[in-house]
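A.B. asks: Provided below are the primary sequence and the corresponding predicted coordinates.
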Amino acid sequence: MPDTTTTSTELTSQYTAQVVADLERNAKEQERIGAEMEALQEQLNALRHDHSVLTNLRQALGATAAPVGTGPEPTAAASVPRQKAPAKSAEGKRARVRKSDSKKADSGKATAARASAAKRPTAKDTSTQPTLIELIRRYLTEQREPRSAAEVSTALVQTHPERRIQTNVVRTTLENLVAKSHAHRAKQGTSVFYTAVEADEPPAPSTAAEQPAKADPKVKAEAKVKAAAKTDSD
């Protein structure tokens, strides 16, 4: 009976440890996937903002295209004989004056549209802003000591308050940089710190390069055929 109780206790401890490890792994996986979803949502919002800005620019350019493309209309006074009645000549002058006023009004509207388009703030245009990866790599390069994901996120929020930077997204980006050998990862106790990779530091050797090259089966077969032919000739 004591042996049975001991075995049952050990099995229970093993199962408990396994369940705890699985729960921790599941929580980390949920956190990683959630961070990736937030990063994708941020990219989607940026693309929607770009689409809105480009749509406004297209509308502004469409408003100015008509006045620019139309040239001066020929006046009818050159084809009208001077022997016509003075009333028609006066009426033609009034029509030309109305056309000139209409052109001036259209030109004023086009100028106002161009000025409005020029005054629109372009600071939020994400097409010219650095990506989150570039910001993180630049920050790590400027630091002389390792930094945690929370420290990196806090620093980027202070320097770029217009961007919605979250710690989970920063942590996921840092892990991606580590996976691509663009950053180093060091664990001190329960904390994880990151440092930038020096420019002259050689990349980590790949496992494929360390493995010896395997002989080509076709070359082996040809060597065997040649050896057999040489034995027959002897």
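C.D. replies: Received, thanks. Residues are numbered from 1 along each chain as shown.

A.B. asks: in stretch 173-192, what counts as buried?
C.D. replies: 173, 174, 175, 177, 182, 183, 184, 192 (16 or more other C-beta atoms under 10 Å). Just so you know, the C-beta spots here come from the backbone N, C-alpha and C atoms, and that holds for glycine as well.

A.B. asks: OK, contacts around the nearest residue to the second one once chain neighbours are set aside?
C.D. replies: Distance criterion C-beta to C-beta, 6 or more residues apart in numbering; nearest residue to residue 174, sequence neighbours excluded, is residue 194 at 5.0 Å. Listed by C-beta atoms under 8 Å, 6 or more residues apart in numbering, the contact set of residue 194 reads 140, 146-149, 152, 174, 177-178, 183-186.

A.B. asks: can you tell me which of the buried residues of stretch 173-192 are in strands?
C.D. replies: 183, 184, 192 (DSSP state E).

A.B. asks: For residue 23, state which of these is nearest.
C.D. replies: residue 192 (20.1 Å; C-beta to C-beta).

A.B. asks: quick one: the helices in the protein?
C.D. replies: Applying DSSP state H to the chain gives helices spanning 2-69, 86-119, 132-142, 149-159, 167-179, 207-210, 217-233.

A.B. asks: Just the mean pLDDT for the last one, thanks.
C.D. replies: So the one you mean is helix 217-233. For helix 217-233, mean pLDDT is 59.

A.B. asks: try the longest one
C.D. replies: On average, the pLDDT along helix 2-69 is 85.

A.B. asks: Stretch 136-145 now?
C.D. replies: Rounded mean pLDDT across stretch 136-145 is 87.

A.B. asks: Pipe the contacts of residue 194 into a markdown table and attach distance to residue 44 per row.
C.D. replies: Output for the contacts of residue 194, formatted as a markdown table (distance: C-beta to C-beta, whole Å):
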| residue | distance to residue 44 |
| --- | --- |
| 140 | 27 |
| 146 | 33 |
| 147 | 28 |
| 148 | 28 |
| 149 | 23 |
| 152 | 23 |
| 174 | 22 |
| 177 | 22 |
| 178 | 26 |
| 183 | 26 |
| 184 | 31 |
| 185 | 29 |
| 186 | 34 |
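
A.B. asks: Relative to residue 30, which of those is nearest.
C.D. replies: residue 149 (17.0 Å).
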